[in-house]
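Enquirer: When you get a sec, could you give me coordinates for this:
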Amino acid sequence: MLTTDLLLRAYRIMFTARSMAGIYEENRTITKYVHSTSAGHEAIQIAAGLQLLPTDWFSPYYRDDSLMMAAGFEPEQLMLQLLAKATDPFSGGRSYYCHPGSCDADKPKIMHQSSATGMQVIPATGIAQAIQYQLQQGLLPNNVNPLPVVLCSLGDGSVTEGEVSEAWQFAILKQLPIIYLVQDNGWSISAATPEVQAMNAFEYADGFKGLHKLQCNGSHFVQSYQTMQQAFAHARTERKPVLVHATVPLLGHHTSGVRREFYRTKENLQQHSENDPIPHLRQTLLEAGICETSILEIEATSRQIAQTAFEKAVAAPEPNPATVTDHIFAPAAITEERGERSPKAAEKVLMVDAALHAIEEILAAHPEALFYGQDVGRRLGGVFREAATLADKFGDNRVFNTAIQEAYIVGSTAGMSAAGLKPIVEVQFADYIYPGFNQLVTEIAKSCYLSNGKFPVQMVLRIPTGAYGGGGPYHSGSIESTLLSVKGIKVVYPSNAADMKGLMKAAFYDPNPVVMLEHKGLYWGKVPGTEGAKMPEPAADYVLPLGKAARIMEAAPQHIKQGTSVCVITYGMGVYWAKQAAHAFPGQVEIIDLRTLFPLDETLVMETVTRHGKVLVVTEEQQYNAFAEALAYRITHACYQFLDAPVEVLGALNTPAVPINIGLEAAMLPSVAGIEKRMAKLLAY
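Expert: Alright, predicted model coming up:
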């Protein structure tokens, strides 16, 4: 039996939350930003929140304000986010109500997440994965007791998302300490459950062998609390995943912008109101011997607490518009080139080996680092052998295979980073990024910005890319323009072994998400003309800062002075095509290897263009709407008065994919002859 003190505490939170919802509705001209409330969901939320500990992690969904208060957050804190105020402790006025992010030591920690329609389940599971890893590796503080767990809250409608399945599969496979609390109110915005779901989450979970399942009436506090007690006990002691399916009424609107009267009948609203958790808990208090007067006092006090908090939040300052670009990235850790790039007697290594050695040195020096992805584990070590021997050296807990789950591979890094780990992950080919793209855009890229700098995602995502030798349409694509459309990530593209190692190290130490595009045609140096990709291996201490391009071929001063020179701005395989084409114009060609596409070394690019007045941008990507065309515009805009000819761009033909036939592939890609022709055209001006 629950104590009366616990019941009273729950009722105070419940009535305060309902009072807050009423205030928001009464002040719609003030509460103008879209929001949802927990009206109807309070009992299960409070039952869960009261059992969270400061060592735990919590992933809320967008109507979890009762859960937030049960976990220790104050109404005013929630309202500051509701009104998008400067002092919003979660996002600084950047994100919606009940989209928190908190590192408070006296409360469960909450990483940034999106609008919680299923996508949050992967990052939350990544936190549980991190906790398990830290426990295995002895990285948790010795005094942590009881051991932490993760609570991930979501609506029943979001369970249909494929990313939820990926997370559940991984949590069961690895036996992770996480509770998935599914709040089922029978609606997915305006779609009633029978319209869109063949089964509820509890029934759906039958297909996930090993997922411990519990079910309760989430409008009854006592039943909810007892169910959540069982869930937390199982996750804490057994260290295994749990699903709790709680049926609840939806008493408020879906959101303040999608109002219940738009799509719900009076009969449906009446049916839901009969399961209102407040009268249920009120009756429980009376039956426990709490007098009516005491309950009325709690209700009056709760209304006043909510009203006072609202008035304070309304009076709080608005954000300073000058801060709008703060926290896009955390400050870079590596800003200068350091260490030995070409040690004496260093042997030349292939790009693939430079990458392998960089990861090996990172894992040896940093127990918080781990590496996972498809086929990178012990048996194969990567389809290009780019992870060969790593699992043998560091163990299957640190280097391991995943299922074909690009969304999980990418999105789990957000949770792992939040928990203090530094994951390195791999998507097997660039063409496979798209299942993981939602996580990259929605969760990872926005985390630092929307958490107001609290949760930058420190991760390295390795992606073999590019075409050569008949790799075909799903193994040869170039995706840099797709990636560069995402704000909040960095994109690196090395063209030789030395740069590969130095940039890989800098990417690892960068506190932000970094994508390493690694051209598989340069990995082994087998493509004619790419022998220069093999270079002396830098020392273990070598780092090359992101955003620094390299001048890899210089034009003769007399040609520059006479206006008979041209500069080529390129990266990746384009470096080697340009070098071969330059043989036709001795002393007249200068080549810049960008090395990092974002951040871009605009200083070196624009200085080079200004000196030459003629510029060719070369890319392997299909040309139309590509990064290269955008760069050409920026060059034209910045250097217009110094240009002697229009900026030229040469990329691949604009086909939907790279054909598998070698002859067709060659016809589609840029060629040395084509680059020579463009150089001649520019030099003729």
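Enquirer: Find me the pLDDT at the nearest residue to L682 once chain neighbours are set aside, would you?
Expert: Spatially, and ignoring its direct neighbours in sequence, L682 is nearest to K614 (4.3 Å; CB to CB, 6 or more residues apart in numbering). No exception for glycine: its C-beta is placed from N, CA and C like everyone else's. Per-residue confidence at K614 stands at 98 (pLDDT).
Enquirer: Use 34 as the first number from now on
Expert: Let's use 34 as the start, then, which means that last one is K647.
Enquirer: K647 against V601, yeah?
Expert: No - using CB atoms under 8 Å as the test, K647 is too far from V601 to be in contact (9.9 Å).
Enquirer: tally of neighbours for the residue nearest to L715?
Expert: 24 (other CB atoms under 10 Å).
Enquirer: Report the separation between the most centrally placed residue in the chain and S450.
Expert: Centroid-nearest residue in the chain, with CA atoms, centre = their mean: I477, separated by 1.7 Å. Note on I477: its distance to S450, by CB to CB, to the nearest Å, is 9 Å.
Enquirer: Please identify every residue contacting each of these two.
Expert: 490, 492 (CB atoms under 8 Å, 6 or more residues apart in numbering).
Enquirer: before we move on, back to that, tell me the contacts of the residue nearest to L715?
Expert: Contacts for K647 (CB under 8 Å, 6+ apart) come out as 598-600, 676-678, 715-716, 718.
Enquirer: Now the buried members of those.
Expert: Buried residues within the contacts of K647, defined by neighbour count using 16 or more other CB atoms under 10 Å: 598-600, 676, 678, 715-716.
Enquirer: Closest one of these to M112?
Expert: L676 (54.6 Å; CB to CB).
Enquirer: That closest one: what's its closest spatial neighbour, skipping adjacent residues?
Expert: Per CB to CB, 6+ apart, closest to L676 is G646, 5.6 Å.
Enquirer: Distance-wise, check that neighbour relative to Y673.
Expert: Look at G646 and Y673: by CB to CB, they are 11 Å apart.
Enquirer: again with V680
Expert: From V680 across to Y673, the span is 10 Å (CB to CB).
Enquirer: Check A582 too.
Expert: Distance, A582 to Y673, by CB to CB: 21 Å.
Enquirer: Neighbour count: these two, which is higher?
Expert: Between A582 and Y673, counting by other CB under 10 Å, A582 is the more crowded of the two (20 against 9).
Enquirer: Confirm for me that the more buried one is in contact with R628.
Expert: Yes - between A582 and R628 there is a contact under CB under 8 Å: 5.7 Å.
Enquirer: Any chance you could list residues touching both of the two?
Expert: By CB under 8 Å, 6+ apart, A582 and R628 have these common neighbours: D634.
Enquirer: Could I get the contacting residues of G82?
Expert: Neighbouring residues of G82 by CB under 8 Å, 6+ apart: 46, 91, 99-104.
Enquirer: So which of these belong to strands?
Expert: With DSSP state E as the criterion, strands contain F91 from among the contacts of G82.
Enquirer: Looking at the contacts of G82, which two lie furthest apart in space?
Expert: I46 and F91 (15.3 Å).
Enquirer: Looking at these two now, which is surrounded by more residues?
Expert: Taking other CB under 10 Å, I46 and F91 do not tie; F91 has more neighbours (27 against 24).
Enquirer: which residues does that one contact?
Expert: For F91, the residues meeting the contact criterion (CB under 8 Å, 6+ apart) are 82, 85, 100, 104, 141-143, 183-184, 186.
Enquirer: Nearest to L302 among the buried ones among the contacts of K647?
Expert: Of all these, L676 has the smallest distance to L302: 66.7 Å, by CB to CB.
Enquirer: Can you give me the buried ones in stretch 353-372?
Expert: 360, 362-363, 365, 367.
Enquirer: If you could redo that for stretch 593-611, that was the one I meant.
Expert: For stretch 593-611, by 16+ other CB under 10 Å, it's 593, 597-611.
Enquirer: start to end distance for that stretch?
Expert: The first and last residues of stretch 593-611 sit 18 Å apart, counting by CA to CA, to the nearest Å.
Enquirer: what's the distance between it and the middle of its chain?
Expert: The chain centre lies 36 Å from the centre of stretch 593-611; the measure is CA atoms, centre = their mean, to the nearest Å.
Enquirer: what's the spacing between the residue lying closest to E332 once chain neighbours are set aside and H360?
Expert: Nearest non-adjacent residue to E332, counting by CB to CB, 6+ apart: F48, 5.3 Å away. To H360, F48 is 36 Å away according to CB to CB.
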